[in-house]
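Visitor: curious how this folds, go ahead:
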Amino acid sequence: MTAYRYQALNDKGKMVKGIVEGDSERQVRTQLRGQNLRPVSVGEANQMAVVRSSWRPRFFSARVSTAELSLITRQLATLVQSNLPLDEALQAAAQQASSGKIKGLLLQVRSRVAEGYTLAYAMGEFPQVFNEMYRAMINAGEHAGFLGPVMEQLADYTEKRQYTGQKLKMAMIYPFILMGVAIAVVVALMVFVVPELVGIFAHSSRELPPLTRGLIATSDFLLDYGIWLLLGFVGLLILFRQLLKSQERKKRWHGLLLRVPGLSKLIVAMDTARFASTLSILMASGVPLLDSLRIAGQVLTNLILRAESEGVAERVQEGSSLNRALQQSGRFPPMMVHMVASGEVSGELETMLERSASNQERELEMTLGTMMGLFEPLMVVFMGGMVLMIVLAILLPIFDLNTMVK
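Guide: Now for the predicted structure:
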């Protein structure tokens, strides 16, 4: 059976939408009429999604978030571990889904499984949802006969990734709000308050202090060209994003980021922790080392580090040990290299990779905590300094007011 997405009119003439399973489009229309619904449009769920995405801009396309993927994986892992047949597990997860797009996705995967395809193959029809690492682990679990335990590991991995992402976002929310408020307050003072207060000095025959003249000039500039300045900034941001669509330019930009003191350490720690965690879970699921290295390299967001991971895979393929290949790269943290070497000697490479990833994530959290702890008082000092400068620019002519009147 195949999942079909429909639009129909009920007995009150109201348009309703939904997803049902059926053997054919005709059978689905008959089924809808039996429910007192008049079909308007019926089509396979994945085909209709493709039609919509063909005209929709990319940022409007429906995607499954990390939280939704984590929930799907945990539900499937629990159902499969309960010895429920795979197609019934997918059916139960689809019924549990509150989102129409999730339900259609799971029913479409179920229809392929019911036709005799493997779960990994069925998920391969939706690469934007189930990435290569996800499908490789499912494929390894199916071939080894341990799909349940592998899906448990995958559920733990997706939940951990979701948790880490949420922590990073939460850590960045307050500083960005503080920065936005500081900029908004300063701009509001310059545009609305300063002109009213310093206007009385603008026509004075006495020369105003340099700080006051600069404040008046800045206020006039924001009043006259502020909107164009904002539009120019937005235009530059859009142009920058368009330029980064070129892989060569994007690679140069990533190389520049790796040369920025402080920022490079954060990027390397974040990417290599993700790399080690992915490599660990792939190898623990039975995926061969070379395939694991190739797949794990795709989770690296920095193109320079991704190229280095490809070089590591090539050296391992030529017979080098993993720790030596990582050391020759020079991009991976020394602690990670030493733990990989220990894992290769002891035969516990997966465990050591997992420990290395956990260690790097802890260091990353501490570093981000320190940076955010310094950033917040710096923003307060910046805002206080700007307000102090505005106040001084206003008070300096007032202190000399008697002289100006004479």
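Visitor: tell me what the helix or strand harbouring Thr367 is packed against?
Guide: Using DSSP states H and E, Thr367 falls within helix 349-399. If you count contacts as 3 or more CB pairs under 8 Å, 6 or more residues apart in numbering; DSSP states H and E, helix 349-399 packs onto helix 147-188, helix 194-202, helix 210-243, helix 263-284, helix 334-346. Where C-beta positions appear, they are placed from N, C-alpha and C, glycine not excepted.
Visitor: lowest average pLDDT across those?
Guide: For the helices and strands packed on helix 349-399, mean pLDDT drops lowest on helix 194-202, to a mean of 67.
Visitor: need the helices and strands packed on helix 349-399 in JSON lines with distance to Leu364 and mean neighbour count, can you?
Guide: Shown next, in JSON lines, are these (distance: least, CB to CB, whole Å; neighbours: other CB atoms under 10 Å):
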{"stretch": "helix 147-188", "distance to Leu364": "9", "mean neighbour count": "15"}
{"stretch": "helix 194-202", "distance to Leu364": "42", "mean neighbour count": "15"}
{"stretch": "helix 210-243", "distance to Leu364": "26", "mean neighbour count": "13"}
{"stretch": "helix 263-284", "distance to Leu364": "5", "mean neighbour count": "21"}
{"stretch": "helix 334-346", "distance to Leu364": "13", "mean neighbour count": "17"}
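Visitor: any idea how far Asp11 lies from Ala188?
Guide: For Asp11, the distance to Ala188 (CB to CB, to the nearest Å) stands at 56 Å.
Visitor: one more: Ser329?
Guide: Ser329 is 50 Å from Ala188, by CB to CB.
Visitor: coming back round to it: how far does the helix holding Thr367 sit from its chain's centre?
Guide: In terms of CA atoms, centre = their mean, to the nearest Å, the centre of helix 349-399 is found 22 Å from the chain centre.
Visitor: then stretch 247-265?
Guide: 18 Å.
Visitor: give me the contact list for it.
Guide: 243-244, 267-268, 302-305, 307, 367 (CB atoms under 8 Å, 6 or more residues apart in numbering).
Visitor: re the thing from before, switch the helices and strands packed on helix 349-399 over to CSV; also include distance to Gly384.
Guide: As requested, the helices and strands packed on helix 349-399 are exported to CSV (distance: least, CB to CB, whole Å):
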stretch, distance to Gly384
helix 147-188, 10
helix 194-202, 17
helix 210-243, 16
helix 263-284, 26
helix 334-346, 40
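Visitor: and the angle for the helix holding Thr367 with helix 334-346?
Guide: 170 degrees (axes from the mean of the first three to the mean of the last three CA atoms, to 10 degrees).
Visitor: what angle sits between helix 349-399 and helix 263-284?
Guide: Going by the same axes, to 10 degrees, helix 349-399 makes 160 degrees with helix 263-284.
Visitor: could you list every residue that touches the residue lying closest to Thr212 once chain neighbours are set aside?
Guide: Of all residues not flanking Thr212 in the chain, Ala393 sits nearest, at 4.6 Å (CB to CB, 6 or more residues apart in numbering). By CB under 8 Å, 6+ apart, the contact set of Ala393 is 194, 198, 209, 211-212, 214-215.
Visitor: pull the most distant pair out of those.
Guide: Val194 and Pro209 (14.3 Å; CB to CB).
Visitor: what residue ranges in the stretch 251-400 of the chain score low on pLDDT?
Guide: 400 (pLDDT under 70).
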